[in-house]
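A.B. asks: Sharing a model that was predicted from the sequence below.
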Amino acid sequence: MNRLCFLKVRTLGTFLLGLTALTLTLSSSTGGQTKAAAAAILPNKASGSKSAPITIEVFSDFQCPACKQTFLQTLRPLMDDYVASGKVYLVHRDFPLPMHNHSREAARWANAAAQAGKFEAVEEALYTKQESWAANGNIEAVVAAVLSPAAMKKVRQWMQSSGPLDAAIDKDVELGKSRRVSQTPSLFVTHGGETVPLPPGGVTYPILKQYLDYLLKK
Amino acid sequence: MGDSTPLPPAGSEPGAAVRVLMLVGRVALGAVFVYAGYTKLRHPWMLFAMSIHSYQVLPEWGVTLVARTLPWLELALGLLLLAGVGLRYVASAASALLLGFFGIMLSSYFKGLGIDCGCFGFGEKLGVRTLLRDGLLVALSLGLTVAAFWSARRAVPAEMLQD
């Protein structure tokens, strides 16, 4: 009886220890922060000073509603409060999702505008008029509405050679995939040589502001 | 204090078996809670706040409150479980907390929110694996709670006999 009981206890004890080991194993391979510096940045798709202590990279899809919301509610105030004052270098990374039929074309227009030095104006227009061009596919009209005729002429010239534009987009996509980006928007904060992915879907300006202030005080 | 691992009547083998299992269970669960608290406390609380916010169940002030207090609560529960102090109450609290987490995680998963679990630090996607893990922890915690109450109930007659 004693031996039988001992065997039962041992079996159940082993089971519980196994359960704990399984739990800890399942929790041990979390993504967490990657200790990699911000990848090479094209200045024409970025805002602010390169020498800012913090770099924020935003992997975004122009046709994604959550990206529009993040742009309007988080990135706009961020640009006013941190980018303009030289504390944050904000970098746009293209990550057009296959589920959005016009997002790659929109990214091409944005990259063409970046080559003409007009990225910020076009980015703003693409997000604020997202519902319009996402419905009818007329991205050119949205871009033309915010650029001068001379700038629009340059942008159209860039659009005629889609190879370099697609290459720039693909480079961003590859970078995103290497960082396990699977959805948009995905934000990465680099400070002191350490790049931290921010939890997707949870970045609000008030919390981000406190995080940036914390990093700046470090 | 006295309800941590109450002694069963002398010579009772099932009581001894339960006592050993409770010891293993509370040490295992305690270690998981301590680890969960530690992984959150080693990063700025704002990152955990972002994880909580992504579940879309709390207002801004609630997010801040939970982000600043939950890791400490997890740490305290873990240490109490490891110490075996007030086991019935601590195991009940742990079960309530884990059931709450599990319900919210399950709901978020079926809503299709592509968010982080936020369970052990950040950077881990909410998915089948995290749900399976949390389900196992819920089962372990509930088992420990039932065993703690059962064991305490068995201990009473023995104490009365000693009186």
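C.D. replies: Nice, thanks for sending it over. Numbering: from 1, shown residues only, chains lettered A, B, ... in the order given.
A.B. asks: so where is chain B shaky, pLDDT-wise?
C.D. replies: Where chain B drops to pLDDT under 70, the residues are B:1-14, B:156-163.
A.B. asks: Can you give the contact residues for stretch A:190-202?
C.D. replies: Contact partners of stretch A:190-202, identified using CB atoms under 8 Å, 6 or more residues apart in numbering or on different chains, comprise A:31, A:33-38, A:53-57, A:66, A:179-180, A:183, A:185-189, A:208, A:215, A:218, B:47, B:49-56, B:113-116, B:118, B:122-123. C-beta here means a position set from N, CA and C on the backbone, and glycine is covered the same way.
A.B. asks: whoops, stretch A:109-121 was the one
C.D. replies: For stretch A:109-121, the external contacting residues (CB under 8 Å, 6+ apart) are A:42, A:44-45, A:47, A:62, A:92, A:94, A:122-123, A:126, A:139-140, A:143, A:146-147, A:151, A:154-156, A:158-159, A:165, A:168-169.
A.B. asks: Buried residues of that stretch, list them for me.
C.D. replies: The neighbour-count check on stretch A:109-121 (16 or more other CB atoms under 10 Å in any protein chain shown) flags A:W109, A:A110, A:N111, A:A112, A:A113, A:A114, A:Q115, A:A116, A:K118, A:F119, A:E120 as buried.
A.B. asks: Please apply the same query to stretch A:58-76.
C.D. replies: Applying 16+ other CB under 10 Å to stretch A:58-76 flags A:58-64, A:67-68, A:70-71, A:74-75 as buried.
A.B. asks: for the buried residues of stretch A:109-121, which one is nearest chain B?
C.D. replies: Nearest to chain B among these, counting by CB to the nearest CB, is A:A110 at 23.6 Å.
A.B. asks: Tell me which stretches of chain A form helices.
C.D. replies: Secondary structure of chain A (DSSP state H): helices at A:2-28, A:65-70, A:76-78, A:103-115, A:119-128, A:130-136, A:139-144, A:149-160, A:162-178, A:205-217.
A.B. asks: just the ones you listed: most buried one?
C.D. replies: Among the helices of chain A, helix A:103-115 has the highest mean neighbour count (mean count of other CB atoms under 10 Å in any protein chain shown), at a mean of 24.
A.B. asks: Please report how far A:E57 lies from chain B.
C.D. replies: Here the criterion is CB to the nearest CB, to the nearest Å. By it, A:E57 lies 16 Å from chain B.
A.B. asks: I figured A:G86 hits A:S47, correct?
C.D. replies: No - between A:G86 and A:S47 no contact is recorded; they are 11.1 Å apart, counting by CB atoms under 8 Å.
A.B. asks: the more surrounded of the two?
C.D. replies: Taking other CB atoms under 10 Å in any protein chain shown, A:G86 and A:S47 do not tie; A:S47 has more neighbours (19 against 12).
A.B. asks: Tabulate the helices of chain A (a markdown table), appending mean pLDDT.
C.D. replies: Below are the helices of chain A laid out as a markdown table (pLDDT from 0 to 100):
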| stretch | mean pLDDT |
| --- | --- |
| helix A:2-28 | 52 |
| helix A:65-70 | 95 |
| helix A:76-78 | 97 |
| helix A:103-115 | 95 |
| helix A:119-128 | 96 |
| helix A:130-136 | 95 |
| helix A:139-144 | 96 |
| helix A:149-160 | 93 |
| helix A:162-178 | 93 |
| helix A:205-217 | 97 |
